[in-house]
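**Q** Build the 3D model from these lines:
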Amino acid sequence: MKIYRPVKTNLIPQAFGLSKTCASMIPAYNSIGLIAHNGIDFGVACKDGQVIHGGKCEEVFMNVIGVDLTVISYQKDDKSGFGINAQDQYGNRYCWWHFDYLNPEIQIGTKLTFGQVLGVAGNTGMSTGAHVHFGYYRAGENLNNGFGGASDPESFYDNRFCLDIKTRIEIIQKLIELYKAVINILKK
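**A** Residues are numbered from 1 along each chain as shown. Here you go, the predicted model:
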C-alpha cells in the first residue's frame, strides 16, 4: 500500500504524533481524549483566501493505492466536520475529514478508485483553517492508544501528488500495451 498527497498544494501543517503536533493544539486534542494529532493534515489552496465554509477550496482526490477501498460511512460532526470513512479488504480504515462539500456520487458501499474526486476541502468541524485531515486505522489497533485507534501512516506515505502518480501509471500501462502489440507483430 502507498499513500500519496490528496491535494495539489504541497503543505503539511501537522503530521501524526506528539512530536509533530503544534504545541498550542495539545489542549484541544486532550479535550477530545487524544494525546496529540492522529493523522496527517494537508494544507489546501482556497480561491478566495477564505477558511470558512464556502471558501471554494481545492478538490481532494482518493490518494491510496494497493488496496481496495469501500466507503463505510460519512462523517458529520463537530469534531471531524464533513468526511468520508472507507475500509480496505484487510479491515484497515481510512478517513478524509473537514470537507466543505462531498462528491455526491460517492455513497456508502461505493468502491473508491485511485485519483477519484472525494470532494472539496474546507474548514468544517474542529478545524483552525481549510485543510483535509487524512487518518489511517490499522485493523485490530488499540482504540485506547491515545490517538483514538489511529496509526501513523508515515511509513506508507509518498509526498507526490496522487494525480501525477495516476498519470505515470496510465502511461506505463499504455506502453505495456504498445510493447505487446509490437511483440505480436514481430511474431508474425
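**Q** who touches the most centrally placed residue in the chain in this structure?
**A** Centroid-nearest residue in the chain: Phe134, 4.2 Å away (criterion: C-alpha atoms, centre = their mean). With contacts taken as C-beta atoms under 8 Å, 6 or more residues apart in numbering, Phe134 has the following neighbours: 3, 6, 39-42, 63, 94-96, 153. C-beta here means a position set from N, CA and C on the backbone, and glycine is covered the same way.
**Q** Just flag the most distant two among those residues.
**A** Asp41 and Tyr94 (14.9 Å; C-beta to C-beta).
**Q** and the helix or strand that contains Tyr29, which residues are buried?
**A** Assigned by DSSP states H and E, Tyr29 falls within helix 26-31. Across helix 26-31, burial judged by 16 or more other C-beta atoms under 10 Å covers Tyr29.
**Q** helices or strands up against it?
**A** Counting contacts by 3 or more C-beta pairs under 8 Å, 6 or more residues apart in numbering; DSSP states H and E, helix 26-31 packs against no other helix or strand.
**Q** can you list contacts of that helix?
**A** Outside of helix 26-31, the residues within contact range by C-beta under 8 Å, 6+ apart are 18, 21, 35-38, 126.
**Q** list the contacts for the residue nearest to Thr128 when sequence neighbours are not counted?
**A** Nearest non-adjacent residue to Thr128, counting by C-beta to C-beta, 6 or more residues apart in numbering: Met25, 7.6 Å away. For Met25, the contacting residues are 14, 37, 128, by C-beta under 8 Å, 6+ apart.
**Q** distance of Met25 from Phe161?
**A** From Met25 over to Phe161 the distance is 26 Å, taken as C-beta to C-beta, to the nearest Å.
**Q** ok, Cys22 touching Gln14?
**A** Yes: assessed by C-beta atoms under 8 Å, Cys22 is found in contact with Gln14 at 5.9 Å.
**Q** what sits in contact with each of these two?
**A** His37.
**Q** more neighbours, those two?
**A** Between Cys22 and Gln14, Gln14 has the larger neighbour count (other C-beta atoms under 10 Å), namely 19 against 14.
**Q** for the longest helix seen in the chain, packing partners?
**A** Criterion DSSP state H: the longest helix present in the chain is helix 162-187. Applying 3+ C-beta pairs under 8 Å, 6+ apart, one finds that helix 162-187 contacts strand 2-5.
**Q** in its sheet, what does the strand it packs on sit against?
**A** Here strand 2-5 is paired, per DSSP bridges, with strand 64-65 (antiparallel), strand 157-161 (parallel).
**Q** Measure how far the shortest one is from the centre of its chain, please.
**A** Relative to its parent chain, strand 64-65 has a centroid offset of 9 Å by C-alpha atoms, centre = their mean, to the nearest Å.
**Q** Take the very next helix or strand once past it, keep the C-alpha atoms, and write them as PDB.
**A** Once the chain leaves strand 64-65, the next helix or strand it forms, by DSSP H and E, is strand 69-77. Taking C-alpha atoms only, strand 69-77 is exported to PDB below (Å, rounded to 0.1, in the frame of the first residue of the first chain):
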ATOM      1  CA  LEU A  69     -11.300   0.700  -0.500                       C
ATOM      2  CA  THR A  70     -15.100   0.800   0.000                       C
ATOM      3  CA  VAL A  71     -16.900   3.700   1.700                       C
ATOM      4  CA  ILE A  72     -18.400   2.500   5.000                       C
ATOM      5  CA  SER A  73     -19.800   5.800   6.400                       C
ATOM      6  CA  TYR A  74     -20.000   9.500   6.100                       C
ATOM      7  CA  GLN A  75     -18.700  11.800   8.900                       C
ATOM      8  CA  LYS A  76     -20.700  14.800  10.000                       C
ATOM      9  CA  ASP A  77     -20.000  16.000  13.500                       C
END
